[in-house]
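Novice: kindly generate the corresponding structure for this input.
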Amino acid sequence: MGGNALIVYRRCGCQGAERSCPRLAEPWHGSWYFAVQVVGASGRRERVRKGGFASAEEAEQAGEQLIAADREGAVGATCTVAQWLRAWLGSDQSIRPRTRQGYADHVRLHLVPGLGRVRLAELSSRNVRQLFSALARRRNRYGRPLSPSTLQRIHATLRAALNAAVREGLLTSNPARHLRLPRPRRPHAVVWSQRRVAAWQADGQRPAVAVWTTQQLRAFLAFVHGALFALWWLAALRGLRRGELAGLRWVEVNLEAAELTVAQQLIQHGGQIRVVPPKSAASQRTVALDGETVRLLLEHERRQAEQQQRCGSEWNADGYVFVRDDGRPIAPDYLTQRFRQLVLASRLPPVRLHDLRHGAASTALAAQVDLRTVQGQLGHASIVLTADTYTSVLPELYHEAAEATARLVLTTARTTARKVRRIRLPQT
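Specialist: Numbers count the residues shown, from 1 in each chain. Alright, predicted model coming up:
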């Protein structure tokens, strides 16, 4: 290819340390980068550096994809859509690891098979419409059509890649820009009422998204015990995401002020655990704690200190709140697996770990917490998302609303009747 060879290295975001940070020896600290020179859209060689990879192998693979695209002349007027998509995946530094993996899956499974042989400069809106018409007829591995939300995500990948081509001067406009697809319907959580529980017990029917009643949640918390009890409690009452719980450190917990700060999260990517920022700017938030939660965290801290003493020098002192027996952080996927096991053992109707977020919102609303406060608790940028998705209000709140409405009507009727009687009384 000419120019510099592929360079793979590791670095972190620790201020002043960067590539020389001593913690880079730890497998979950920092991330992997590659650097390489390729021919840019201007025809001149340009240095491309990209990071955020979970392993050296993943960074090397992405760099080699970019080199292969460079050798094929991918960044130029004669490149195909497949060549451009691969070059784009290897050069865009702005996307998160999981988002990048989703993009790569869309490119490999749908976009390259459907559009890959078309010359990028000749790609038309008609090509794009034909692709998505074919995708709408396709079945997934479960024999079901691709959902509207899946089609929307594939479209978002294509649109992002073609927007990059427009910025590079390879296209004058984005052929995917004006495509209209069916809007996905956001799933609404439903409550495990007695009738739904009976149907589930009879034939296994279960809603796509469901939350426990307060009684069912109380039964689950009474059933579980052990080192992760405070984690399940926080998930159920404060609605933290699993990555936020796994990434919570003691330095971000202020038990004197009865609050914690969500400053980072852990994700799993390529078999590695990585520290990344919260999901969005709104997700970086301060969460208020009640007295019982403070008590549970104090007890959890005491038990963890005892475990640290037993481990001695083998203890990993990264300061995470919820850890393995040797102090290492817990993998988010393990939390999902462990929660599923506990729900099965408890014989309660099934919910997912993420459904505890739905339940936390509903429970807060049932406790008369206003919607704006619930939005802040969950870390949503939009109150519409909170209202549309997470507020599957618990039955007792509906009952209270019904009783309040009836009381208002009855009180008004009785007041009106008394007024009528007082008016008619002198005439009788």
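Novice: grab the most central residue of the protein for me.
Specialist: Lys279 (6.5 Å; CA atoms, centre = their mean).
Novice: next up, phi/psi of that one, please.
Specialist: Phi and psi for Lys279, reported as degrees, to the nearest 10, are phi -60, psi -40.
Novice: in this structure it contacts Arg242, no?
Specialist: No. The criterion here is CB atoms under 8 Å, and Lys279 misses it with Arg242 at 11.4 Å. C-beta here means a position set from N, CA and C on the backbone, and glycine is covered the same way.
Novice: just to revisit the earlier point, so what's the residue nearest to the centre of the chain scoring on pLDDT?
Specialist: What the model reports as pLDDT for Lys279 is 83.
Novice: in contact with it, which residues?
Specialist: 241, 243, 265, 379 (CB atoms under 8 Å, 6 or more residues apart in numbering).
Novice: isn't Glu252 right next to Glu259, touching?
Specialist: No. With contacts counted by CB under 8 Å, Glu252 stays clear of Glu259, the gap being 9.5 Å.
Novice: low-confidence regions, this protein specifically.
Specialist: 1-4, 13-20, 25-28, 39-45, 69-78, 92-94, 270, 384-406, 408, 412-428 (pLDDT under 70).
Novice: now do the residue nearest to the centre of the chain against Leu170, distance only.
Specialist: Distance check for Lys279 against Leu170: by CB to CB, to the nearest Å, it reads 32 Å.
Novice: now swap in Val276 and tell me
Specialist: Counting by CB to CB - Val276 and Leu170 are separated by 31 Å.
Novice: now do Ala360
Specialist: Counting by CB to CB, the gap from Ala360 to Leu170 is 47 Å.
Novice: higher neighbour count, these two?
Specialist: Ala360 (23 against 17; other CB atoms under 10 Å).
Novice: the more buried one and Leu260: what is the separation?
Specialist: Taken as CB to CB, the span from Ala360 to Leu260 is 14 Å.
Novice: element containing Asn127?
Specialist: Following DSSP states H and E, one finds Asn127 within helix 125-137.
Novice: quick check: buried residues in that helix?
Specialist: Neighbour-count burial for helix 125-137, counted by 16 or more other CB atoms under 10 Å, picks out 128, 131-132, 135.
Novice: also stretch 344-358?
Specialist: 348-349, 351-353, 355-358.
Novice: helices - which of these land there?
Specialist: Cross-referencing the buried residues of stretch 344-358 against helices under DSSP state H gives 355-358.
Novice: out of those, who's nearest Ala54?
Specialist: Of all those, Ala54 sits closest to Arg357, with 25.2 Å by CB to CB.
Novice: quick check: chain neighbours aside, which residue is closest to Ala208?
Specialist: Pro187 (5.2 Å; CB to CB, 6 or more residues apart in numbering).
Novice: the one you found: neighbouring residues, count only.
Specialist: By other CB under 10 Å, the residues close to Pro187 number 14.
Novice: ok, it to Leu151 distance?
Specialist: On the measure of CB to CB, Pro187 and Leu151 end up 16 Å apart.
Novice: Leu234 too?
Specialist: For Leu234 relative to Leu151 (CB to CB), the value is 35 Å.
Novice: compare these two (neighbour count), which wins?
Specialist: A direct count of neighbours by other CB under 10 Å for Leu234 and Leu151 places Leu234 higher, at 24 against 20.
Novice: got the CA coordinates for the helix or strand hosting the more buried one in CSV?
Specialist: Assigning secondary structure by DSSP H and E places Leu234 in helix 229-238. Output in CSV follows, covering the C-alpha atoms of helix 229-238 (Å, rounded to 0.1, in the frame of the first residue of the first chain):
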residue,chain,number,x,y,z
PHE,A,229,-28.9,-7.4,47.3
ALA,A,230,-28.2,-3.7,47.3
LEU,A,231,-27.8,-3.8,43.5
TRP,A,232,-31.2,-5.3,42.9
TRP,A,233,-32.6,-2.8,45.4
LEU,A,234,-31.1,0.2,43.5
ALA,A,235,-32.3,-1.2,40.1
ALA,A,236,-35.8,-1.7,41.4
LEU,A,237,-36.3,1.5,43.3
ARG,A,238,-34.0,4.1,41.6
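Novice: quick revisit: between the buried residues of stretch 344-358, which is nearest Ile95?
Specialist: Taking those together and measuring to Ile95 by CB to CB, the closest member is Arg357, at 24.3 Å.
Novice: what's the closest one in contact with, if anything?
Specialist: Contacts of Arg357 by CB under 8 Å, 6+ apart are 235, 239-241, 378, 390.
Novice: now swap in Val166 and tell me
Specialist: Applying CB under 8 Å, 6+ apart, the residues near Val166 are 172-174.
Novice: ok, now Ser124?
Specialist: Neighbours of Ser124 in contact, by CB under 8 Å, 6+ apart: Pro175.
Novice: repeat for Leu348
Specialist: 212, 216, 219-220, 223.
Novice: out of those residues, the closest to Arg372 would be?
Specialist: Closest to Arg372, out of all of the contacts of Leu348 and judged by CB to CB, is Trp212, at 24.6 Å.
Novice: okay, now that closest one: neighbour count?
Specialist: Count around Trp212 with other CB under 10 Å applied: 25.
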